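Q: Prediction below, plus the sequence it came from.
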Amino acid sequence: MSDPGPREYLMTVFALNINGQAVTVDCDGTTRLLWVLRDILGMTGTKYGCGIQVCWACAVLVDGQADKSCGLEIKEMVGKKIVTVEGIGATPQGARLQQAWIDEQVPQCGYCQSGMLCRATQLLAEKPKPSAGDAAGMPNICVCGSYQRVQKAVLRASGQ
């Protein structure tokens, strides 16, 4: 029996729903969603942060729930609705949230902001009138420390 040589990765076409659009990608099924978004689709709003599923910089919404795209295999995303930071402003609530981010001057370096916006979008969908504690309780890591501005922006977007 001959040596089969290096393992050949099986490329597969995956049909996805990203920001309300049907998209197909051809890649290995274990490719992480983060890399599909950034490297294959060119959607660089979702950021690579820590790579160990801790910081939430890479957060996207999957069926309305924030999740860390650096830990999601693309084969798990078929049939799900994925919303990235590029798609958040498509809804009235998302547009209000983005405007509140600007009004409260939330970003400093901005690296964590796409993940923060995704987490805040989920929070406002679940609690349209969140408490200050709810708004401050998102686990995203921000090295600039913009947490108080994030809290103010979330409350502003909720009309408080």
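A: Right, received. Where do you want to start? Here the structure is a predicted model, which means the values were calculated and not measured.
Q: And the contacts of the longest helix along the chain?
A: With DSSP state H setting the assignment, residue counts place helix 113-126 as the longest helix in the chain. With CB atoms under 8 Å, 6 or more residues apart in numbering as the test, helix 113-126 has contacts from 45-47, 49, 55-61, 64-66, 83-85, 88, 93-94, 97-98, 101, 106-107, 130, 134-135, 138-140, 142, 150, 153-154, 157-158. (Glycine included, C-beta is placed from N, CA and C.)
Q: State the mean pLDDT of stretch 70-90.
A: Here stretch 70-90 scores 97 as its mean pLDDT.
Q: Could you pull up the contacting residues of the spatially closest residue to G49 that is not a sequence neighbour?
A: Nearest in space to G49, with sequence neighbours left out and distances taken as CB to CB, 6 or more residues apart in numbering, is A57 at 3.0 Å. With contacts taken as CB under 8 Å, 6+ apart, A57 has the following neighbours: K47, Y48, G49, C50, Y111, C112, S114, G115, N140, I141.
Q: any chance of these in CSV, plus distance to I18 and neighbour count?
A: What follows is these, written out as CSV (distance: CB to CB, whole Å; neighbours: other CB atoms under 10 Å):
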residue, distance to I18, neighbour count
K47, 16, 21
Y48, 17, 16
G49, 20, 23
C50, 23, 13
Y111, 22, 18
C112, 21, 26
S114, 14, 23
G115, 16, 28
N140, 21, 21
I141, 25, 15
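Q: With distance to T24 and pLDDT added, can I get those in a markdown table?
A: Conversion of the contacts of A57 to a markdown table gives the following (distance: CB to CB, whole Å; pLDDT from 0 to 100):
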| residue | distance to T24 | pLDDT |
| --- | --- | --- |
| K47 | 24 | 95 |
| Y48 | 23 | 95 |
| G49 | 27 | 93 |
| C50 | 29 | 92 |
| Y111 | 29 | 89 |
| C112 | 30 | 93 |
| S114 | 23 | 94 |
| G115 | 26 | 96 |
| N140 | 31 | 91 |
| I141 | 33 | 92 |
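Q: Could you break this protein into its assigned domains?
A: According to automatic domain parsing, the chain is divided into the following domains: 11-86, 88-157.
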